[in-house]
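In: could you look at this predicted model? Sequence included:
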Amino acid sequence: MASTHTPAHPAGPAAGTRLLDHPGADGPEAFGPEAFGPEADTNRHRMPRQTRGASPLLGVTAVAATLGATGFASATPAAAPAIEAPDDAPVVLAADPGLALAARIQQQADSQRTAAEEGARVQAAQEAEAKAAAKEAEAKRAAEEAEAKRAAALTLPVQDYRLSAHYGQSARYWANLHTGLDFAADTGTPVLALGQGTITSAGWSGSYGYRIVETLPDGTEIWYCHLSSIIKGSGKVTSGQQIGKVGATGNVTGPHLHLEVRPGGGAPVDPEPWLQQRGLNP
């Protein structure tokens, strides 16, 4: 590779100084190979010395201005053209009588379907309400029937007994015929309410001794006589509830329960068939 160092010119310093000068009146041909001589190829990489001044700066400024007006402006991307959105609005074909008629028919069909659905819903609600009311009424009726059965249910007044006298018998120690049914049992044996009812009287009653009168729902009176003690003297009672104890008070020959049945609070009737008609067999 050739050295970039410039040797001393044979013509002397004056000739070397000319390389740094700008071309003069000699014209452009002064820059040719003939003007520089053999050193031209060697020295062509050297930059010519620039004269201090404002000219180069003005040149750069002009170039920048030119580029700003042309090149820089062209480098800026142009605004994209506006793209029009497709019109999604439905096309109104009101002018077509067939389409208008079809629309009215569809609207009527929708209204009728809505009304039918609402009617079905209301009917279903009414049916459900009716079923609920019927179910409630059935439950109430069942409860009333159960209560009626409990009210009608009867139990024998003494559990451990023997019959010592029947209705209509006569004896020397009775002024009249026997008006009840005697259940002989030990003193203190529990006396139970025959059925559901209300105790309307309790206390001492002459030849009957201590007596309890229970009135059943149908108005029949049940008399419990010759008691040794009264446990329930008033108020409502249920079938099988203890109301007193067997005794020998009043006109008796031994401890027993004298039971009388008086329908409607009137004259006594035979207790045995009355009890048998109600499922009890004393």
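Out: Looks like it came in fine. Every value quoted in this text rests on a predicted model; they were computed, and no experiment measured them. Residues are numbered from 1 along each chain as shown.

In: could you use CA atoms for every contact and neighbour count after this?
Out: Fine.

In: distance-wise, check the residue nearest to Ile230 when sequence neighbours are not counted relative to Gly209.
Out: Leaving aside its sequence neighbours, Ile230 sits nearest to Gly244 (Cα to Cα, 6 or more residues apart in numbering; 4.4 Å). Applying Cα to Cα, to the nearest Å, the value for Gly244 to Gly209 is 13 Å.

In: number of nearby residues for the residue nearest to Ile230?
Out: Gly244: 24 surrounding residues under other Cα atoms under 10 Å.

In: so Asp182 belongs to a helix, correct?
Out: No - going by DSSP: H, G, I helix; E, B strand; the rest coil, the assignment for Asp182 is strand, not a helix.

In: all helices of the protein, in order?
Out: Remark: helices assigned in the chain by DSSP state H are 13-17, 33-36, 40-43, 55-69, 71-75, 97-152, 271-276.

In: kindly list the longest strand within the protein.
Out: strand 221-230 (DSSP state E).

In: strand partners (parallel or antiparallel) of it?
Out: Strands adjacent to strand 221-230 in the sheet, as given by DSSP bridges, are strand 210-215 (antiparallel), strand 242-246 (antiparallel), strand 256-262 (antiparallel).

In: could I have that strand exported to PDB, CA atoms only?
Out: Output of strand 221-230 as PDB, limited to C-alpha atoms (Å, rounded to 0.1, in the frame of the first residue of the first chain):
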ATOM      1  CA  GLU A 221    -124.800 -37.000  81.300                       C
ATOM      2  CA  ILE A 222    -122.600 -39.700  82.900                       C
ATOM      3  CA  TRP A 223    -122.900 -40.100  86.700                       C
ATOM      4  CA  TYR A 224    -120.000 -41.500  88.700                       C
ATOM      5  CA  CYS A 225    -121.200 -42.400  92.200                       C
ATOM      6  CA  HIS A 226    -120.000 -43.700  95.600                       C
ATOM      7  CA  LEU A 227    -116.500 -42.200  95.100                       C
ATOM      8  CA  SER A 228    -114.000 -42.200  97.900                       C
ATOM      9  CA  SER A 229    -112.400 -39.000  96.500                       C
ATOM     10  CA  ILE A 230    -112.800 -36.500  93.700                       C
END
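
In: residues contacting it, please?
Out: By Cα atoms under 8 Å, 6 or more residues apart in numbering, the surrounding residues in contact with strand 221-230 are 187-188, 194, 202-203, 208-216, 243-250, 252, 255-265.

In: repeat that for 7 Å
Out: With contacts defined as Cα atoms under 7 Å, 6 or more residues apart in numbering, strand 221-230 is touched by 188, 208-215, 243-250, 256-265.

In: rewinding a little: possible to save the strands paired with strand 221-230 as TSV with distance to Ala151 and mean pLDDT?
Out: Output for the strands paired with strand 221-230, formatted as TSV (distance: least, Cα to Cα, whole Å; pLDDT from 0 to 100):
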stretch	distance to Ala151	mean pLDDT
strand 210-215	12	98
strand 242-246	16	98
strand 256-262	17	97
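
In: can those go into TSV with extra columns for distance to Glu145?
Out: TSV is the format used below for the strands paired with strand 221-230 (distance: least, Cα to Cα, whole Å):
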stretch	distance to Glu145
strand 210-215	20
strand 242-246	25
strand 256-262	25
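
In: Ser164 is nearest to which of these?
Out: strand 256-262 (8.3 Å; Cα to Cα).

In: what are the buried residues along the closest one?
Out: Residues 256-262 are the ones in strand 256-262 that count as buried (16 or more other Cα atoms under 10 Å).

In: and the contacts of that strand?
Out: Strand 256-262 is contacted by residues 179-185, 220-227, 246-248, 268-269, 271 when judged by Cα under 7 Å, 6+ apart.

In: end to end on stretch 224-237, go ahead and measure it.
Out: With Cα to Cα, one end of stretch 224-237 sits 14 Å from the other.

In: quick one: mean pLDDT for that stretch?
Out: Averaged over stretch 224-237, pLDDT sits at 97.

In: for stretch 149-166, same thing?
Out: In this model, stretch 149-166 carries a mean pLDDT of 89.

In: ends of that stretch, what's the gap?
Out: 28 Å.

In: and stretch 148-163, by the same measure?
Out: First residue to last in stretch 148-163 (Cα to Cα) measures 30 Å.

In: before we move on, back to that, bridged to the residue nearest to Ile230, which residues?
Out: Under the criterion used (DSSP bridges), Gly244 bridges to Val191, Ile230.

In: which among the contacts of strand 221-230 count as buried?
Out: Members of the contacts of strand 221-230 classed as buried by 16+ other Cα under 10 Å are 208-215, 243-250, 256-263.
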